[in-house]
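Q: I would like to see how this sequence folds:
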Amino acid sequence: MKIFSKKIILKLLCVFAIIFLANPCFCEENYDYIEENESIDDELFPQYDYIMERKEYFTENKPLDKINFGNRKTFEEDYNIYADDSEDDGNGIDLKFDVPVELKIAEPVEMPLKKERQDFLNLFRESGYQFDEGIIKSQRFTYFLHGGNVMAAQRGKDFSDTFDYAANEFQSSTAFRNGKTRFDWGINFTRTRKYNQNILAKFSYAELWHAFNEHQKIVVGNCRTQNGFEGGASSSQLKFITRSQIARTFANAVSDNIRNRGTYKYFEYDLGISDGSRYWQNVFNGFNATFMASAKPLAKFENNKYGKLKIGGSIDQGRAEKTTWTVVGGHALYDYKNKFGVDFEYQYADGYAGSWYSKDKAHGLYTTAYYYLTPKVQVLARYDYFKNFDTNRENIEYTAGINYWFTKKSKIMVNYVLAKANTCPQPSHKIYIGADFTTYSLLDAIFERL
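A: Residues are numbered from 1 along each chain as shown. Predicted coordinates:
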């Protein structure tokens, strides 16, 4: 009786186990799907579902006797099926309950129509539209603005209110499949040049970049010449709405360039050769060479323990339109862990070729100090001095400003400028309210917050 009871209990347990494992009603499945009324942020940033995947042959809701087991040998090896060699009545099946379980991330399911919408939006995002085949890897289009409204009361004259653009550009960036080459161009439709009003003069840059390795790059095309540190910087790198006096006088130049940039741990340099033309006016007229180098004495300390320091110099030498110029300068830039910093630059010019050519001798300097009240709020001040020896004119500008970053690469800028000149007893006052942003930074920020 005891033996009979024991066999009956074993049979019941075995039948219950088979029903529990084989019946799909007791199994959970996590489906990854997209509803028809899904919002756009779910399309671009789908939430990854974590699903449990198990090696299992019972994948369809069929009775056990209806399942096609396929290769019987494989099935027997996995589930230890023996031909009636069990002494009990367990139907010859030794069930394994310790089948390995693996945690995987399910791939997001994308509907074709929504993928097209996503790809279109990517054209205007920082990563760009990604091509699956061909020599082009990605393409991005951008609108870039650096400028603002200027309210001025200049040296006793009437009050004026104008809008001034340092940059008002439509930009394109094309990255190639090799991951080392890209072609960028930008056109500023509001730029005015008295000597040249054709469409080519509106281009801010049209340049081909190629990186040989992490240290060496070459730039070929029409772009700013690297005359001084701030003079060769793009508008997006400026801390104030307007450049310093030496930058906008000596270095406001766009020309046909071949430039080599080297960046290493303890130093960096920029060597460029270009023609003497400006903004595609009288192309290939004259010759221009620039060189700038900076040492990084604090780079030996790990994790920027004492901040970042660059000390270096620059030279711009050339001849065009019967004018020879030489501009030399030095700079020192210090930043402590993106909390505060100081910039200093001095330049002396024996003739210069900024927007156009001049044989005048002049010099100038600026000093900028800045401090981050919060990661998004920066206060800053600048002392800016300039003197033209030929005209004996001196200008001094005092600028105070505040910047607020509303995205990682976009900021609102407010500047107050007090300007004094030795040729006029009354100073001028200017208030700039402007912005520096690109459409891709705004679009990325919008989707990050959805």
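
Q: checking the residue minimising distance to the centre of the chain next. Helix, strand or coil?
A: A centroid search over the chain (CA atoms, centre = their mean) returns residue 126, at 6.4 Å, as the residue closest to the centre. Secondary structure, DSSP: H, G, I helix; E, B strand; the rest coil: residue 126 is coil.

Q: list the contacts of it.
A: Residues near residue 126 by CB atoms under 8 Å, 6 or more residues apart in numbering: 140, 440-441, 444. The way it works is simple: take the backbone N, C-alpha and C, and place the C-beta from them, glycine included.

Q: just the ones of the residues you listed in helices?
A: Judged by DSSP state H, helices contain the following of these: 440-441, 444.

Q: can you give me the buried ones in the host helix or strand of residue 260?
A: Using DSSP states H and E, residue 260 sits within strand 254-263. Neighbour counts over strand 254-263 (16 or more other CB atoms under 10 Å) mark 254-257, 259, 261 as buried.

Q: and if you look at stretch 208-215?
A: Buried residues in stretch 208-215 (16+ other CB under 10 Å): residue 209.

Q: equivalent analysis for stretch 223-240, please.
A: 223-233, 235-236, 238-240.

Q: what about the strand holding residue 260, average pLDDT?
A: What strand 254-263 shows for mean pLDDT is 92.

Q: what sits up against it?
A: 203-205, 207, 214-226, 268-279, 283-284, 288.

Q: and the buried ones among the residues you listed, selectable in ChimeraX?
A: Listed next is the ChimeraX selection for buried residues among the contacts of strand 254-263, using 16+ other CB under 10 Å:
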select :203,204,205,207,217,219,221,222,223,224,225,226,268,270,272,273,274,275,276,277,278,279,288
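
Q: all strands of the stretch 301-450 of the chain, in order?
A: In the stretch 301-450 of the chain, the strands defined using DSSP state E, counting those that start in this stretch lie at 308-320, 323-336, 340-353, 357-374, 377-388, 393-407, 410-421, 424-438.

Q: quick one: strands adjacent to the third one?
A: This points to strand 340-353. strand 323-336 (antiparallel), strand 357-374 (antiparallel) (DSSP bridges).

Q: is residue 246 in a helix, a strand, or coil?
A: helix.

Q: and for it, the neighbour number?
A: When neighbours are defined as other CB atoms under 10 Å, residue 246 has 29 of them.

Q: list the contacts of it.
A: 228, 230-231, 329, 345-347, 363-366, 386.

Q: and with 6 Å instead?
A: 347, 364 (CB atoms under 6 Å, 6 or more residues apart in numbering).

Q: cool, residue 418 as well?
A: Counting by CB under 6 Å, 6+ apart, residue 418 has contacts 398, 427.

Q: please repeat the previous calculation with a cut-off of 10 Å.
A: Each residue near residue 418 by CB atoms under 10 Å, 6 or more residues apart in numbering is listed here: 396-400, 427-430.

Q: just the buried residues of strand 254-263 now: which is nearest residue 422?
A: residue 254 (31.4 Å; CB to CB).

Q: and the gap between that closest one and residue 128?
A: 25 Å (CB to CB, to the nearest Å).
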